[in-house]
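Student: heads up, no residue letters with this:
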């Protein structure tokens with residue numbers, strides 16, 4: 001036994017020291033990724049919160065309300081995307097679905113009950129039959145806050161690409177629909193956007209289909225790949241492993257049960273969220289990814305304190321429903337540096 005320990009302890013010690021050193025110096029083994037974009041300001045669903053109602057609960061509400069006027073915009077509409085770009089966003093995040101007649105529509109949900117009040121699926125409707133958004137929508141990641149706007153029509157992905165040809169876009173695919181994936185890829189190619197359009201999906205199987213359809217586009221971690229990333233990190237193997245992904249997009253756990261109430265009951269347990277935060281919010285992990293050229297975007301940060309917490313833990317970018325709020329935070333902090 002003693003001879004075994006005599007052999008294994010130096011090996012483990014050497015492995016540990018090598019892993020720690022390479023975690024901090026990944027350039028020794030890995031060439032840094034050079035994506036065509038680098039984003040600190042990302043607009044979730046185009047920025048869908050009502051800044052007017054948000055600032056009404058802050059100490060400087062009066063000044064901000066006079067400056068801003070109406071609120072921000074209904075999620076995933078062209079008005080929301082346009083407003084976010086005007087406020088200085090560097091990336092638009094969106095989800096896409098396919099209509100019955102083959103149009104790629106920007107919408108978070110396949111079923112339209114939450115967004116329109118009609119219990120209908122996008123895939124069962126032609127483009128011309130899509131109902132309008134509700135006049136007011138509750139902000140998913142800020143319970144009790146609502147958004148509104150004059151534009152209540154569903155946007156086409158092609159319209160987004162046409163209007164914002166140079167804007168990086170993260171497109172999440174939620175369903176394993178090969179026709180949808182093909183049409184998104186065709187639009188990306190047609191508008192020459194392969195370097196600035198990101199494949200995103202929670203499901204690894206869908207991500208594999210996306211990459212098989214168009215492998216020239218950068219892509220983000222799926223859920224299972226994210227779990228593997230953590231296992232590699234805690235086992236010390238991460239510094240030795242190649243990573244194909246260009247982005248990690250993940251919840252800021254501190255928003256859960258405070259501004260965002262999840263549907264899964266297990267995520268309503270404060271102990272579970274505390275453990276999730278301790279396990280996932282590792283600055284050394286995020287710094288390692290950033291050093292390898294992999295951007296870390298934490299979401300959905302709709303308060304100054306959450307934006308600050310995300311950057312302090314090592315996020316390279318923040319995703320928000322409130323592009324105006326995020327722009328003002330970044331402007332204030334740049335002026336203080």
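Tutor: On my side now, so go ahead. Just so it is clear, the structure is predicted and the values come from calculations on it, not from any experiment.

Student: Point out where this structure drops to low pLDDT.
Tutor: 1-7, 50-71, 335-337 (pLDDT under 70).

Student: what are the bridge partners for the residue nearest in space to the middle of it, then?
Tutor: Against the mean C-alpha coordinate of the chain, by C-alpha atoms, centre = their mean, the closest residue is residue 249 at 4.6 Å. Beta-bridge partners recorded for residue 249 (DSSP bridges): residue 297.

Student: pretty sure it contacts residue 297?
Tutor: Yes. Shown here, residue 249 and residue 297 form a contact pair, counting by C-beta atoms under 8 Å, at 4.7 Å. All C-beta spots, glycine's among them, are computed from the backbone N, C-alpha and C.

Student: any shared contact partners between those two?
Tutor: Shared contacts of residue 249 and residue 297 (C-beta atoms under 8 Å, 6 or more residues apart in numbering): residue 319.

Student: what are the ranges of the helices in the stretch 101-250 of the chain?
Tutor: 113-116, 157-163, 178-190, 204-213, 223-235 (DSSP state H, counting those that start in this stretch).

Student: Minimum distance to residue 104: which of those helices has it?
Tutor: With respect to residue 104, and counting by C-beta to C-beta, the nearest of the helices of the stretch 101-250 of the chain is helix 157-163 at 4.3 Å.

Student: residues making contact with the closest one?
Tutor: 78, 81-82, 92, 94, 96, 104-106, 169, 171, 184, 187-188, 191, 193.

Student: Give the buried residues for the helix or strand encompassing residue 82.
Tutor: For residue 82, the host element (DSSP states H and E) is helix 78-86. Residues 78-85 are the ones in helix 78-86 that count as buried (16 or more other C-beta atoms under 10 Å).

Student: Specify which member of the residues you listed is nearest to residue 307.
Tutor: Out of the buried residues of helix 78-86, the member with the shortest distance to residue 307 (by C-beta to C-beta) is residue 84, at 15.5 Å.

Student: contacting residues for the nearest residue to residue 200 once chain neighbours are set aside?
Tutor: In space, and not counting its chain neighbours, residue 200 is closest to residue 172: 4.2 Å by C-beta to C-beta, 6 or more residues apart in numbering. By C-beta under 8 Å, 6+ apart, the residues touching residue 172 are 93-96, 200-202.

Student: now these: which count as buried?
Tutor: Using 16+ other C-beta under 10 Å as the burial test, those include 93-96, 200-202 as buried.

Student: who does the longest helix belonging to the chain touch, helix- and strand-wise?
Tutor: For the chain, the longest helix by residue count, based on DSSP state H, is helix 2-24. With contacts defined as 3 or more C-beta pairs under 8 Å, 6 or more residues apart in numbering; DSSP states H and E, helix 2-24 has these neighbours: helix 283-291.

Student: chain center to the helix it packs on: distance?
Tutor: Mean C-alpha position of helix 283-291 versus that of the full chain (C-alpha atoms, centre = their mean, to the nearest Å) differs by 17 Å.

Student: distance of residue 164 from residue 106?
Tutor: Look at residue 164 and residue 106: by C-beta to C-beta, to the nearest Å, they are 12 Å apart.

Student: So for these two, which sits in the more crowded spot?
Tutor: Between residue 164 and residue 106, residue 106 has the larger neighbour count (other C-beta atoms under 10 Å), namely 26 against 20.

Student: can you pull up the bridge partners for that one?
Tutor: Here residue 106, judged by DSSP bridges, has bridge partners residue 96, residue 155.

Student: right, and it touches residue 155 too?
Tutor: Yes. With contact defined as C-beta under 8 Å, residue 106 reaches residue 155; the gap is 4.5 Å.

Student: what residues do the two have in common as contacts?
Tutor: Listed contacts common to residue 106 and residue 155 are residue 76; contacts here mean C-beta under 8 Å, 6+ apart.

Student: Can you get me a residue count around the closest residue to residue 97 other than its chain neighbours?
Tutor: Excluding its sequence neighbours, the residue lying closest to residue 97 (C-beta to C-beta, 6+ apart) is residue 122, at 4.4 Å. Counted with other C-beta under 10 Å, the neighbours of residue 122 add up to 20.

Student: burial of residue 191, as a residue count?
Tutor: Residue 191 sits with 17 neighbouring residues when counted by other C-beta under 10 Å.

Student: Report the contact partners of it.
Tutor: Counting by C-beta under 8 Å, 6+ apart, residue 191 touches 158, 161-162, 165.

Student: repeat for residue 34
Tutor: residue 293.

Student: tell me the SS of it?
Tutor: When classified by DSSP: H, G, I helix; E, B strand; the rest coil, residue 34 comes out as coil.

Student: I'd like to know how far it sits from residue 246.
Tutor: In terms of C-beta to C-beta, residue 34 sits 10 Å off from residue 246.

Student: Overlap in contacts, the two.
Tutor: Residues touching both residue 34 and residue 246 (C-beta under 8 Å, 6+ apart): residue 293.
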